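Peer 1: no sequence for this one, just the structure:
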């Protein structure tokens, strides 16, 4: 089955916190296999949009659809089962578990066996367990973490933890991957590797990527289109060259003389 032209559609998204209108009038699409970035100064509302799309907030108004299915207001775990998964600005690994165990835990909803199958180690259970191990091994290889598979995730260097977090998302076979400031805390070499990883993920696995990021070099190099926000509202949406030269964007980031 061919992928829909629009993986994600957001229409007139609005989010209120009491009397504060944090997000207002946000519209965008994320198309098949594109990288769509949301940028803006601190406090622009980018993470609030992410939380509304990913099911951590219920929007006050507006529509969000994933592959044509309404998801606004659904809980985050249900949205994840529909193929939309995310990373966080602050890494949220199971730090006491091993690298391998983090990838196995991520697949628990994909293992179609019940309690009795597990208790009696049925053939179906063993097959599902083997498949989960194979998927985990594939992604450990992809993100170059196979040599540390049995180390506690919390003992890994920061850049390795970032890679593991992306692998934990990808092991579930998503349609759309949401990355919340994935370059935060990375050195220049790690940022370059991250850019190549994002390019490889969408090209080889056919996923779309929705990205929040403050590193403008990464954004401009990896994105197909960019939404610029300020004070909870959209300024413009365009290709990187259009965005970087737009006076409204320059004003939002640099202010006026």
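Peer 2: Good, I have the coordinates. All values reported here derive from a predicted model rather than from experimental measurement.
Peer 1: quick one: the helices in the stretch 1-150 of the chain?
Peer 2: 46-54, 76-81, 99-105, 115-119, 123-142 (DSSP state H, counting those that start in this stretch).
Peer 1: bridged to the residue lying closest to residue 54 once chain neighbours are set aside, which residues?
Peer 2: Leaving aside its sequence neighbours, residue 54 sits nearest to residue 86 (CB to CB, 6 or more residues apart in numbering; 5.1 Å). Bear in mind the C-beta positions are built from the backbone N, C-alpha and C, glycine included. With DSSP bridges as the criterion, residue 86 is bridged to residue 178.
Peer 1: tell me which residues touch residue 86, please.
Peer 2: 50, 54, 169, 177, 178, 179, 180 (CB atoms under 8 Å, 6 or more residues apart in numbering).
Peer 1: state the pLDDT value of it.
Peer 2: Residue 86 carries a pLDDT value of 93.
Peer 1: on that earlier part again, got JSON lines for the contacts of residue 86, with neighbour count, distance to residue 95 and pLDDT too?
Peer 2: Below are the contacts of residue 86 laid out as JSON lines (neighbours: other CB atoms under 10 Å; distance: CB to CB, whole Å; pLDDT from 0 to 100):
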{"residue": "50", "neighbour count": "22", "distance to residue 95": "23", "pLDDT": "95"}
{"residue": "54", "neighbour count": "21", "distance to residue 95": "22", "pLDDT": "94"}
{"residue": "169", "neighbour count": "22", "distance to residue 95": "17", "pLDDT": "93"}
{"residue": "177", "neighbour count": "25", "distance to residue 95": "22", "pLDDT": "96"}
{"residue": "178", "neighbour count": "23", "distance to residue 95": "21", "pLDDT": "96"}
{"residue": "179", "neighbour count": "26", "distance to residue 95": "20", "pLDDT": "96"}
{"residue": "180", "neighbour count": "20", "distance to residue 95": "18", "pLDDT": "94"}
